[in-house]
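Asker: sequence-free structure coming up:
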């Protein structure tokens, strides 16, 4: 069992490797935000925040705060020299129009067809979809970054039980246990945490995992 | 017979009276542009140019020219202090969205139903519609400003013979002979040039003119 | 044409049952003084359109917590517990629209479009009661325009003609709200003389603005 | 990531039969050096999308006069006699789109929308071959997106990251073309260091720009 903090580190570190030089990337609130910490210095990524900027910098505290510059979670951030501010229509033009190379976001459930559920638990929690539906439809690559299970229960399913955020949009799932690619045939386990066996990861996964011929250890 | 230069003056002067303080107005290329010269000093009109500005000023020549500031006819103009530049999508947002109070434009033909034809003579002349179709659909009030006839032939018809720019959009027709309002019943002659009789204006008009009970002289 | 007015002089514009759009993203770029006015007047049964319902003690969130809202159209309500509570108790209607769709609907309202086609929401609850249209064998949702009686926006710098400049991420929904509302009131962080904002830097043209209120008064 | 390149180094990007969008309004805001490049290369059978076909000796007009264009999609062709001549002789196809519709189609292409509904063109020749859609008993035309292989735009000030600032009315179609084209080349009147354009003043974000060419070289 990997503790939550360590698990998030493993995931963020692994997701960072999916990003390459010159890309425009949107990181969801929470875990995905941590990806920023693992990007190599020689790689130049531009971060987009759907409330209206590209070239988003780091979180800012105390005297550095400019109250007019926030991220999509309402936190104060900085903007880089190469950045730009714009309105929400332009922001979602970038998103829906396929200009965002990668979006990384969390999930309540994800399934072997690449369906995603992350915006509502009917009768319990209705936060709303915010920008998530546009992001997963519009971004060129959709990476789900999440803890493998919720209170021990599988979140990677044969079919999502919760209402969809979008159908068939997820490309890659990264958890603390492994890296799974969504293919037409189903989920292919491409990398596995070296502290866990293939049987163990299948045990906490509802969907059937196909094992890549080139299965590697996560790094 | 009124000569062309004098006729245009009469028309421009009369159209100017249709504009009121605080309005946003688009003037078409050619005759409509002359309306600017007849706006009283105590009335504040903002002019829009569909290539991307509000607050358009006068034509500029010689050393005053900034080659980056043109009107929709490609002429060099100035911009007022209260003006703003924007892209074409915003420009037509203002137009289509009903933010332009009055548009003044010429016509090849106009008819008693308010249909307008001003963008094509099939087989002869195909300049294209430019922004005209959007302007007449979007502006709150559409004023046709034109010489009453073309080489003696009526341009105000029972029904346009040329392809429409739009259907049922014209509110008012101003010529050197009179001012005609488009109503559900047809064209109502509201003002007449004092140098011409009702019979004479009807003679050069294909559409049947109803005479307003309050028929006045043009001024 | 003096657009700069005292906030109290605007009271006659508002009445119960109106549809009001309010700018801001989790409160950033929201005209709080104008929200104060609505709370002072205690007008009721409002339909509020905005990106989110902010927090209980901020922006649009305050109107909801004060029970002035009949219906809200937003993309996100998760940061305001009162929105969820009133919705669950059947005391307020909530229409959720994906954020990119919501801003396009407001834009369509302001830009005179009859609607836009988007893939966003296909295969989800968002489809409900919506026309689906096929273009080149691909399925899209037809999303319809939104308009408002009054738009309340926040400007960082506003000149006396009403030209607006937004700093940082305060822009968000504000420019489109200015296009989609019959009357537009801007709350200005600072008011400058006409001409002090370069014509290229104007982000919302003054021709769209009816009233300017100083935020610091 | 150095985007500033010599114009000659761009030759490999272009080939016969491509669809190219070019910014400008009657030549104002058109990247003439990039038009020069297309003329030098003499690539053929192009589909050109732009507001108008300018004049015989200016901007897009020069490509048409040089017989490089198979099809043009524009709102106005009246200022270039060659466009009319080639069209009438059946040597070039012309698709006329109302100006406001044309810019919305380009925007839809760049913004990932499946189309937009507009009243513009209802009851006219523009209706031909288009789907009509009823919304609240009102009839609209469904206008479809436009995209391009390459977009050629003109920027007044461009920083080395590609952020663009447009002066005056040079903006026109340029920002939307940058959104709707797979590759975007900006011809810069002046190139400045990254950071010299304030983030609020950026009109086309550098993330959309692939190459920068200096206009004065």
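Answerer: It's in. The structure displayed is predicted, hence computed values, not measured ones.
Asker: all contacts plus neighbour counts: C-alpha atoms, from now on.
Answerer: Noted.
Asker: what's the longest helix in the chain?
Answerer: With no chain named, the answer covers chain A. helix A:4-16 (DSSP state H).
Asker: hmm, I had chain C in mind actually
Answerer: Chain C, longest helix under DSSP H: helix C:99-111.
Asker: Need the contact partners of the helix or strand just after that helix.
Answerer: Following helix C:99-111 in sequence order, the next helix or strand is strand C:115-118 (DSSP states H and E). For strand C:115-118, contacts defined as Cα atoms under 8 Å, 6 or more residues apart in numbering or on different chains pick out C:101, C:104-105, C:108, C:133, C:140-145, D:112-118.
Asker: residues of strand C:115-118 that come out buried?
Answerer: For strand C:115-118, the neighbour count (16 or more other Cα atoms under 10 Å in any protein chain shown) marks C:115, C:116, C:117, C:118 as buried.
Asker: now for the longest helix of chain A, which elements pack on it?
Answerer: strand A:141-145, strand A:172-174 (3 or more Cα pairs under 8 Å, 6 or more residues apart in numbering or on different chains; DSSP states H and E).
Asker: again, only using 6 Å
Answerer: Applying 3 or more Cα pairs under 6 Å, 6 or more residues apart in numbering or on different chains; DSSP states H and E, one finds that helix A:4-16 contacts no other helix or strand.
Asker: Please work out the average pLDDT along that helix.
Answerer: Averaged across helix A:4-16, the pLDDT comes to 96.
Asker: The helix or strand just after it pairs with which strands, and in what direction?
Answerer: In the C-terminal direction, the helix or strand that comes right after helix A:4-16 (DSSP H and E) is strand A:24-27. If you go by DSSP bridges, strand A:24-27 pairs up with strand A:46-49 (parallel), strand A:102-105 (parallel).
Asker: chain center to strand A:24-27: distance?
Answerer: The chain centroid and the centroid of strand A:24-27 are separated by 9 Å, computed with Cα atoms, centre = their mean, to the nearest Å.
Asker: Give me the neighbour count for the residue of chain A at minimum distance from chain C.
Answerer: Residue nearest to chain C within chain A (Cα to the nearest Cα): residue A:127, separated by 3.7 Å. Neighbourhood size, residue A:127 [other Cα atoms under 10 Å in any protein chain shown]: 21.
Asker: same check, this time on residue A:77
Answerer: Counted with other Cα under 10 Å, residue A:77 comes out at 19.
Asker: likewise residue C:212?
Answerer: 27.
Asker: got it, and residue C:195?
Answerer: 16.
Asker: Secondary structure class of the residue lying closest to it once chain neighbours are set aside, three-state.
Answerer: Using Cα to Cα, 6 or more residues apart in numbering or on different chains and skipping residues adjacent in sequence, the residue nearest residue C:195 is residue B:81, 4.4 Å away. Using DSSP: H, G, I helix; E, B strand; the rest coil, the structure places residue B:81 in strand.
Asker: helix, strand or coil for the most far-flung residue of chain A relative to its centre?
Answerer: Farthest-out residue of chain A from its mean C-alpha position, per Cα atoms, centre = their mean: residue A:63, at 30.7 Å. Secondary structure, three-state DSSP: residue A:63 is helix.
Asker: wait, doesn't residue C:27 sit right on residue C:57?
Answerer: No - shown here, residue C:27 and residue C:57 do not form a contact pair, counting by Cα atoms under 6 Å, at 9.8 Å.
Asker: for residue C:5, phi and psi?
Answerer: Dihedral angles phi and psi of residue C:5 (degrees, to the nearest 10) take the values phi -130, psi 160.
Asker: for it, what are its contacts?
Answerer: Residues near residue C:5 by Cα atoms under 6 Å, 6 or more residues apart in numbering or on different chains: residue C:213.
Asker: before we move on, the earlier item: buried stuff in the longest helix of chain A?
Answerer: A:7, A:8, A:9, A:10, A:11, A:12, A:13, A:14, A:15, A:16.
Asker: can you put those residues in JSON lines and add distance to residue A:160?
Answerer: Listed next are the buried residues of helix A:4-16 as JSON lines, based on distance: Cα to Cα, whole Å:
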{"residue": "A:7", "distance to residue A:160": "23"}
{"residue": "A:8", "distance to residue A:160": "23"}
{"residue": "A:9", "distance to residue A:160": "26"}
{"residue": "A:10", "distance to residue A:160": "25"}
{"residue": "A:11", "distance to residue A:160": "22"}
{"residue": "A:12", "distance to residue A:160": "24"}
{"residue": "A:13", "distance to residue A:160": "27"}
{"residue": "A:14", "distance to residue A:160": "24"}
{"residue": "A:15", "distance to residue A:160": "23"}
{"residue": "A:16", "distance to residue A:160": "26"}
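Asker: ok, the residue nearest to residue C:195 - how many residues close by?
Answerer: With other Cα under 10 Å as criterion, residue B:81 counts 17.
Asker: pLDDT value on residue 148, please?
Answerer: Just going to use chain A. pLDDT at residue A:148 comes out at 98.
Asker: my bad, chain C
Answerer: Confidence score, pLDDT, at residue C:148: 98.
Asker: What are the phi and psi values at it?
Answerer: phi -140, psi 160.
Asker: Name the nearest residue to it, ignoring sequence neighbours.
Answerer: residue C:181 (4.6 Å).
Asker: What about the one you found? Give its phi and psi, please.
Answerer: Dihedral angles for residue C:181 - degrees, to the nearest 10 - are phi -120, psi 140.
Asker: still on that earlier bit, how far off centre is the longest helix of chain A?
Answerer: Worked out by Cα atoms, centre = their mean, helix A:4-16 lies 11 Å from the chain centre.
Asker: Tell me which helix or strand comes right after the helix or strand that contains residue A:199.
Answerer: Assigned by DSSP H and E, residue A:199 falls within helix A:198-203. Next helix or strand after helix A:198-203 toward the C-terminus (DSSP H and E): strand A:209-217.
Asker: buried sites along that next one?
Answerer: residue A:209.
Asker: name the helices or strands packed onto it?
Answerer: Using 3+ Cα pairs under 6 Å, 6+ apart: strand A:209-217 touches strand A:186-192.
Asker: Give me the neighbour count for residue A:102.
Answerer: Residue A:102 has 25 nearby residues by other Cα under 10 Å.
Asker: Make sure it is actually in contact with residue A:25.
Answerer: Yes - applying Cα under 6 Å, one finds residue A:102 in contact with residue A:25, separated by 4.9 Å.
Asker: can you pull the contacts of residue A:62?
Answerer: No contacts exist for residue A:62 under Cα under 6 Å, 6+ apart.
Asker: give the contact list for residue A:166.
Answerer: Here residue A:166 is in contact with residue A:116 (Cα under 6 Å, 6+ apart).
Asker: On the pLDDT front, check it for me.
Answerer: 98.
Asker: How about residue A:124?
Answerer: 88.
Asker: how near is it to residue C:68?
Answerer: 24 Å (Cα to Cα, to the nearest Å).
Asker: which one of the two has more residues nearby?
Answerer: Using other Cα under 10 Å, the more surrounded residue of residue A:124 and residue C:68 is residue C:68, with 21 against 9.
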